[in-house]
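# Got a predicted structure here, sequence first:
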Amino acid sequence: MWLGGAEAPTKLVVAGFSPFVISLCMVAGVFVARWTLPTVLKGTGYVFQDLRERAHLLVWAILAGALWAVANTLTVLAIRDVGLSIAFPLWNTNCLVGLFWGWLFFRELHGAGGKSWAKVLGGAVAIVFAAILLGLVSSHEQANSGPHSASGILAALGASLLWGTMYIPYRKAYLSGMNPLSFVTVFTVGELGTMTALAVAFEGGVGPLLNSLKAARPEIFWLFLGGFCWVIGDLYQQYATKYLGIGRAIPLSNTNQLWGLAWATLVFGELAGAGIAVRVMVVAGSVIMILGAISISSAVPPAEEQAFCQEAITRECQRYGLSPERAAAAQLGEDVTSGGNAVRRWWDLLIVVGAVGIFIWLALDARRPPITMSSTWIVLLVAGMLGVLLASGWLLWKRTRFS
């Protein structure tokens with residue numbers, strides 16, 4: 001739900017703002033959030049201790065962040081060329097990529113019975129079919145989406161490939177027992193560094209980039225807010241990857257397409273001028289994709305598959321000199337980081353106050369985006385997001401203490 005809502009501010013690309021400026025601002029908001037939320041939930045002392053115990057994962061986290069930054073930029077380009085309601089389902093085929101890497105590298109689905117394989121493969125076929133259907137809709141609607149629908153489709157599929165590959169570092173981290181809150185703090189270094197380099201290169205240098213940022217000043221608040229929303233959704237996705245594995249967690253989290261579609265149609269009215277046939281195809285493609293994701297995620301791993309997962313944990317621990325017992329305990333929700341109840345540091349409060357100050361400073365100059373929106377639907381969707389955040393956050397804390 002939060003991943004879907006986070007994409008709404010990228011709609012500013014249709015108002016003439018550079019995709020690279022939009023993506024950079026969003027990633028800057030992500031950077032702020034990825035340090036603030038772990039600090040609030042666990043404290044920097046805990047995070048740094050977790051990173052010290054698994055220092056080999058630092059480079060993997062930075063690499064994952066770099067992949068995310070490029071993929072996020074591609075999604076902005078896709079939205080510009082084919083619209084949010086079309087681009088969203090296409091890049092959500094990343095679950096197929098992640099499913100393949102999970103099977104190849106981490107023994108996921110090894111030892112699974114025929115029923116589980118049928119659910120996974122059936123879901124995969126459904127997702128691919130839905131993506132093709134939505135791609136055909138985009139090509140049919142070239143007059144509405146502009147002359148670059150082909151490039152938009154390629155951009156969305158490129159984002160899918162990169163995001164699907166990004167889950168390899170995720171899974172390595174969590175098989176080793178790392179806390180998702182620790183992983184994302186380093187992850188964001190790769191995000192911001194890569195996105196800054198892309199923005200400087202494609203905007204023509206530091207000077208032009210600063211001018212573009214200055215021109216977009218009234219809209220930066222909304223992009224920061226989108227980045228913050230993305231981090232909330234991504235943290236849930238990180239925990240899902242830790243406890244369920246790539247093959248099941250990512251398809252289930254890709255139900256965010258329902259919320260992307262809700263924002264695109266209800267708030268921005270993307271399909272207002274489309275014919276009945278086009279609307280039916282978009283809705284049908286979305287429903288088929290979601291059914292495919294549900295089919296995959298309902299494939300409960302049998303004991304044989306769990307044994308292969310334990311082998312993957314043992315292999316990772318032997319490779320990096322970690323304790324297999326502690327790593328296995330982490331998969332059950334136990335906090336295995338030394339000093340799990342680390343004392344809060346004085347700079348924890350400084351980080352939180354600084355983040356709040358940044359948002360207040362940006363909000364002072366914020367203005368309503370120059371695009372048509374439905375205020376009623378914005379209020380209803382945001383209320384639903386906040387309700388789910390409180391309920392699911394409480395459940396996650398109760399069962400794992402965010403470990």
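Yep, it's here. It should be emphasised that the depicted structure is a prediction, and the values quoted were computed from it without experimental measurement. Residues are numbered from 1 along each chain as shown.
# list the helices and strands whichever strand or helix holds C309 packs on?
For C309, the host element (DSSP states H and E) is helix 303-320. Helices and strands touching helix 303-320, by 3 or more Cβ pairs under 8 Å, 6 or more residues apart in numbering; DSSP states H and E, are helix 149-175, helix 324-330. In short, each C-beta sits where N, CA and C put it, glycine included.
# Give the other helices and strands that the first one contacts.
Taking 3+ Cβ pairs under 8 Å, 6+ apart as contact, the helices and strands that helix 149-175 lies on are helix 58-82, helix 84-91, helix 94-106, helix 114-140, helix 180-203, helix 217-244, helix 246-253, helix 303-320.
# Which stretch among these is buried most, on average?
Greatest average neighbour count among these goes to helix 84-91 (a mean of 28), per mean count of other Cβ atoms under 10 Å.
# what about that helix, average pLDDT?
If you average the pLDDT over helix 84-91, you get 74.
# Could you export that helix as CSV, CA atoms only?
Extracted in CSV, the C-alpha atoms of helix 84-91 (Å, rounded to 0.1, in the frame of the first residue of the first chain):
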residue,chain,number,x,y,z
LEU,A,84,1.4,5.4,-14.0
SER,A,85,-1.4,2.9,-14.6
ILE,A,86,0.5,1.2,-17.5
ALA,A,87,4.1,1.5,-16.2
PHE,A,88,3.3,0.1,-12.7
PRO,A,89,2.3,-3.4,-13.8
LEU,A,90,5.2,-3.7,-16.2
TRP,A,91,7.9,-3.0,-13.7
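# and the one helix or strand G5 maps to, average pLDDT?
For G5, the enclosing helix or strand under DSSP H and E is helix 2-6. Averaging pLDDT along helix 2-6 yields 86.
# Pull the residues that contact it.
The contact list for helix 2-6, computed with Cβ atoms under 8 Å, 6 or more residues apart in numbering, reads 88, 226-227, 229-230, 232-234, 236-237, 253, 256-263, 381-382, 385, 388-389.
# Alpha carbons of it, as PDB, please.
Extracted C-alpha coordinates of helix 2-6, given in PDB (Å, rounded to 0.1, in the frame of the first residue of the first chain):
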ATOM      1  CA  TRP A   2       2.800   2.400   0.900                       C
ATOM      2  CA  LEU A   3       4.900   1.400  -2.100                       C
ATOM      3  CA  GLY A   4       2.000   2.200  -4.300                       C
ATOM      4  CA  GLY A   5       1.300   5.600  -2.700                       C
ATOM      5  CA  ALA A   6       5.000   6.500  -2.900                       C
END
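# how far does that helix sit from the chain's center?
9 Å (Cα atoms, centre = their mean, to the nearest Å).
# that older thread, who wins for proximity to M289 among the helices and strands packed on helix 149-175?
helix 114-140 (3.7 Å; Cβ to Cβ).
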